[in-house]
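**Student:** Sequence first, predicted model second:
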2 protein chains.
Amino acid sequence: MYRLLYPLRTFLIVSGHEETNVMTADWVTVLSMKPFMVGVAIAPKRYTHKLIEECKEFVVAVPSVDMLKDAWIAGTISGPKKLEKLAITFIESEKVKVKSIKEALANLECKLVDKQSYGDHTFFVGEVINYTYNKDAFPNNMPDLKHKFLAHVGLEKFATFSEQIYEAG
Amino acid sequence: MYRLLYPLRTFLIVSGHEETNVMTADWVTVLSMKPFMVGVAIAPKRYTHKLIEECKEFVVAVPSVDMLKDAWIAGTISGPKKLEKLAITFIESEKVKVKSIKEALANLECKLVDKQSYGDHTFFVGEVINYTYNKDAFPNNMPDLKHKFLAHVGLEKFATFSEQIYEAG
């Protein structure tokens, strides 16, 4: 019943040097502010698992609902044969050799710094050494919900945030 | 710019045996399906950090927007003195000595199985050995968005999901 923590945000994980692959991952978290570090849990059978172990880099790309079709393909078809079905445009990253995604709202360029095996997944830990983002989607360093950040409800169901802000304090 | 991954879901972390404390955490992820494992990144200065290290258990509680005031207090006031300000009702968990939260939509009872230091936070890994949840909030093992699961946009701003479901595939 891991879905008790759902909906969770859905991200795209890009990896590979000689070849590029992309997969969808919900199990992504921030780990540290300074240095900026993130972690992503990936099943060993995934092609991206092999690519990250080889190239020791990955990019976490932030999709909007507009990229739902690509997120679904990247999450349900395994390996590089999915690439021809995707509408995604890969572009050069600034500080890693792994590609970024042009259509994404943000791309976090990560160097692998640790990996741990937890149950049926491997937890890859990356230091975010550079990032690029759509300035309109993150005014004042905070997400603007009108950009419809993608979240996964379960199976083929996805959602985004209501634009209503609840102010605490 | 860790907020490039925001909004992220906000959870409440309960810990302690002799004394109970609760804090708010956004940096929470699923790590494994079988066994069901979760991870949470907590700063060493947090009182909950000490409690988890001592009692080696924690509960991840799932708040709705209705619990926003409590989530804010639990996230901004440190240590047990916050407890008197909270409207939360602590109840016995079924399989761990750490308390659960009556008002939460779900409570995941975790045994600490690993911890790693990543940058300025400690990543605590727990095996979820039991869980209780509001059946109405998770019909067919999937979240029902009308229950207004809480997400953090940044600073004092929070949000929840729009009820519109986007079907992929």
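**Tutor:** Nice, I can see it.
**Student:** Give me the phi and psi for the nearest residue to A:Ile42 once chain neighbours are set aside.
**Tutor:** Spatial nearest neighbour of A:Ile42, chain neighbours left out: A:His49 (4.9 Å); criterion: CB to CB, 6 or more residues apart in numbering or on different chains. Placement of C-beta: from N, CA and C, glycine included. Backbone geometry at A:His49, expressed as degrees, to the nearest 10, gives phi -60, psi -50.
**Student:** Distance check, A:His49 against A:Thr10.
**Tutor:** As for A:His49, its distance to A:Thr10 is 18 Å (criterion: CB to CB, to the nearest Å).
**Student:** Name the residue in these two with the higher neighbour count.
**Tutor:** The residue with more neighbours, out of A:His49 and A:Thr10, is A:Thr10; 26 against 19, by other CB atoms under 10 Å in any protein chain shown.
**Student:** Distance of that one relative to chain B?
**Tutor:** Remark: distance between A:Thr10 and chain B (CB to the nearest CB, to the nearest Å) = 10 Å.
**Student:** what do you get for A:Leu86?
**Tutor:** Counting by CB to the nearest CB, the gap from A:Leu86 to chain B is 13 Å.
**Student:** how about the nearest residue to that residue, chain neighbours excluded?
**Tutor:** Using CB to CB, 6+ apart, the nearest residue to A:Leu86 is A:Asp70, at 5.2 Å.
**Student:** Check the offset of the helix or strand bottoming out on mean pLDDT in chain A from the chain's centre.
**Tutor:** Every helix and strand of chain A was ranked by mean pLDDT, DSSP states H and E. The lowest is helix A:68-76, at a mean of 93. Relative to its chain's centre, helix A:68-76 lies at 12 Å (CA atoms, centre = their mean, to the nearest Å).
**Student:** any residues touching it, and which ones?
**Tutor:** Here helix A:68-76 makes contact (CB atoms under 8 Å, 6 or more residues apart in numbering or on different chains) with A:10, A:12, A:22-24, A:63, A:82, A:85-88, A:103, A:150, A:156, A:158, B:166, B:168-169.
**Student:** buried ones in that helix?
**Tutor:** Residues of helix A:68-76 classed as buried: A:68, A:70-75 (neighbour count, 16 or more other CB atoms under 10 Å in any protein chain shown).
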